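*Asks:* just to be clear, the model below is a prediction. Sequence and coordinates:
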Amino acid sequence: FFQPLGVRVALLAVEVWSQGDLVRVGSSGRAALERFLRWRHRDLLPRLPHDNAQLLTGSRFEDVAVGMSAQASMCSPERSGGVSMDHSVSVLVVASTVAHQLGHNLGMSHDSAGRRCQCRSLYQDRSCIMDSPTGFLPGFSFSNCSRQDLERSLRQGRGWCLSNVPELPRLVNISLCGNGFVEAGEGCDCGLRLVRARVPRCPPRCPRAAHGASCPQDCADPCCNSSSCQLLPGAQCATGDACCHDCQLRGAGSLCRAARGECDLPEFCDGRSARCPPDTFLQDGQPCSSGRARCAAGACASLEGQCQQLLGAGAGPVSSSCMAALNSRGDERGHCGQLPNGSYVACAQGDAGCGRLQCQRSASDRVPGTCLGTPVPAGDDVSTATAMVLPGTACGPGKVSAAPGGTPCPGWHRRGILMCVPPCQVCLQQRCQDATALDTEQCRNKCNGHGVSWADVEGMGGRELAPSCVPPLPQVCNNLGHCHCERGWAPPSCTSPGGSALPAGLLLGALLLLALLLALCCLRRAGLHKRLCQLGKGTSCQYR
C-alpha cells in the first residue's frame, strides 16, 4: 500500500494478549483509542521504542465504522497510534483498514467528494484507501490527495522520526536474499518481487526465476548481483542509497536530504557510507513562522498550522476567550490532559491555550456570539479528543506579533528599526511556561564562533525568518544539542579544523538507530530506494 508513496512499513514486534487484554476495549472506538494511546505512552514505549502502534481487536465498535486514529500524530509519543476492528475474513481488507488509520497518523485526510481525488488500482470498482470508511469496498491504493497530504505533513516537519532506518536484527523479518533489506553477509539487496510472468521468458539479467514460471522485478540495479545479493566488481554501493551515485560513494558534504519544513535541517553524506545519516532538526526553542512560534520536536508549532493539519486548508484556531471557555470545562471537548484513571483535567486560566486544540474549519463557521471548538462529526474515524496543542506553541492565539517598538523576549535584541517579538511564553506539558525552559543558549554558546548562521540555514533549507528575529548569537544547533558547523570546522563544538559542513552528530549516526514497532522509513523517491519490494506469497500481499 505505502510503497508507491516512498514509505516502507517495517514491523518490529507483534504482541498478542493471550492472558487477557491489557487495555479495556469496550464498544466505543473513541474511548478504546484514548485508553490504548495512554497504555502505549506509559507502558509500551519505555520497553520498546517505536514510531507508531496499531491495535487490532475482535471487538465491535458502535460509534465508528471499523477503526479510529489520531490525525497527524506519527512522531508524537502521546498520540501516534490507532485501533482497528478485525472485521473481515480477508486479510487484505483488514490490512486496508490498518493502512487507513496509519494514513491519518501520517497527516492524510479523507478523500471527500469535494476534493476530486483519484487513485489507481487493479480493482477499479474499489475505493481509495482514504475514502470515508464504511466497512465495505475497502480501498487498495492511495489517491493523489493522500500523496499531497503526506508531502505537506513532511514539509511541516511532522515526519522527523521517519528517516532513521531501524536496526535490521530487531525487525520481524525472515533473513533472505531478495527481501529488500541488506542483512548480515549481504552487500546489497535490490528487493526481488516474484509476479506471474506476462512474457514468455524472463529478462536475462534476472536469472533466478525458472523459465515460464515467474519473473523477478525491481532487480535491474547495475551495482548489485540480484542472485547473490553482493556488489558487482568495482561497485562501492548499490543504486538507491542516497549517498551512492553510479555505484560509487558520493563525496563528504554532498546533500542527501534537504530540509523539510522550517524546523528541519539538511543532512549530508559523510563520504564513507552509502546511506544518508539519521535525520536531525533544529533544537527546540529556535524561532519559526516569522518569529511567531518556536520549534518543538522538529515542527513549527503555530496554531494555524496545527488546525490546518487537523481539519484541512482554511481551518484556524478559535479566539482566545473561546479557547479559555472550552478548555476550562474539564471534559472530552475541552481539557488540559487526562489522569491515569481517564478523567479529564480542566485548564487553569493561564494554561487554556495549551490544552485541547480548538479549531474551526473556516471563517464561515464563525457565528457571532457562539463558541464552538473542534467539531467531531458523528461516526468519524479521526479522534480529535487527543489532539492537544503542541509543545512550543505560543500560549494562545493572537498573542504574538513583531512590530516597531515591541518588547523583546530576554536575550533578544533590536535589528534595524524593528524589535523582534518571538513568543516569550510557550506551551510545555500542557502548561504555559517561560520560553527559556526550552533552553537553547547552552548549545549556541558552545559553537565557538564557527557554527552555521541563520542566514546559512535559511539558504540551505529555504526557510523564511523575519529579518528582525535573530538571536544575539546566531549559531544553529540540532536536536542532539550539537552545533551545525561551518564548512572546514568539525563537530560537535566546531573547535578543530575539518569536516565538510556536516552537522554534528551525523558521524555518530550508528548510535541513533532506534528499534521501531511500526517504524515508517520515509524513503525519498529520488533517494534511498526507488522501488522497494517484498516477496509475494500466494495471491495476497504480505505487509511488513
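*Replies:* All right, it came through fine.
*Asks:* how is this structure carved up into domains?
*Replies:* Listed domain ranges for the chain are 3-166+516-522, 301-437 (source: automatic domain parsing).
*Asks:* relative to Gln236, which of the ones you listed is closest?
*Replies:* Of all those, it is domain 3-166+516-522 that lies closest to Gln236, at 18.9 Å by CB to CB. Glycine gets a C-beta too; all of them are placed from N, C-alpha and C.
*Asks:* closest to Glu267 out of the domains of the chain?
*Replies:* Across the domains of the chain, Glu267 has its closest neighbour in domain 3-166+516-522 (8.0 Å, CB to CB).
*Asks:* ok, back up a step: out of the domains of the chain, which gets the lowest mean score?
*Replies:* Of all the domains of the chain, the minimum mean pLDDT falls on domain 301-437 (a mean of 73).
*Asks:* so what would you say the end-to-end distance of it is?
*Replies:* Terminal residues of domain 301-437 are spaced 16 Å apart (CA to CA, to the nearest Å).
*Asks:* what does stretch 31-42 contact?
*Replies:* 22-26, 53, 55, 57, 59, 61, 68-70, 77-83, 338, 340, 342, 383, 385-386 (CB atoms under 8 Å, 6 or more residues apart in numbering).
*Asks:* still on that earlier bit, quick one: which of the domains of the chain is nearest Gln248?
*Replies:* Closest approach to Gln248 among the domains of the chain (CB to CB): domain 3-166+516-522, 21.2 Å.
*Asks:* redo the domains of the chain as TSV? Include distance to Glu183 and mean neighbour count.
*Replies:* Supplementary listing: those in TSV, determined by distance: least, CB to CB, whole Å; neighbours: other CB atoms under 10 Å:
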stretch	distance to Glu183	mean neighbour count
domain 3-166+516-522	13	19
domain 301-437	37	18
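*Asks:* next secondary structure element downstream of the helix or strand hosting Ala31?
*Replies:* With elements taken from DSSP states H and E, the one containing Ala31 is helix 29-39. Once the chain leaves helix 29-39, the next helix or strand it forms, by DSSP H and E, is helix 45-47.
*Asks:* after that following helix, next one along is what?
*Replies:* Sequence-wise, the next helix or strand downstream of helix 45-47 (DSSP H and E) is strand 53-57.
*Asks:* what comes into contact with that following strand?
*Replies:* Outside of strand 53-57, the residues within contact range by CB under 8 Å, 6+ apart are 23, 25, 32, 36, 40, 44, 80-86, 94, 98, 101-102, 517-518.
*Asks:* excluding chain neighbours, give the residue nearest to Ser493 in space.
*Replies:* Computed as CB to CB, 6 or more residues apart in numbering, the closest residue to Ser493 that is not its neighbour in sequence is Lys446, at 5.2 Å.
*Asks:* would you agree the one you found falls within a strand?
*Replies:* No. Counting by DSSP: H, G, I helix; E, B strand; the rest coil, Lys446 falls outside a strand, being coil.
*Asks:* ranges for the helices of this structure?
*Replies:* For the chain, applying DSSP state H gives helices covering 29-39, 45-47, 91-105, 144-155, 303-311, 320-327, 441-444, 454-461.
*Asks:* ok, which of those comes nearest Cys424?
*Replies:* Taking CB to CB, helix 441-444 is the member of these nearest to Cys424, at 14.6 Å.
*Asks:* pretty sure the residue nearest to Ser493 contacts Cys483?
*Replies:* Yes. Lys446 lies in contact with Cys483 (CB atoms under 8 Å); the separation is 6.4 Å.
*Asks:* in terms of neighbours, single out the busier of the two.
*Replies:* Set side by side, Lys446 and Cys483 show more neighbours around Cys483, with 30 against 18, by other CB atoms under 10 Å.
*Asks:* for that one, give the beta-bridge partners.
*Replies:* Cys483 forms beta bridges with Cys477, as assigned by DSSP bridges.
*Asks:* state the pLDDT value of it.
*Replies:* At Cys483, the model reports a pLDDT of 79.
*Asks:* before we move on, what about Ser254?
*Replies:* In this model, Ser254 carries a pLDDT of 89.
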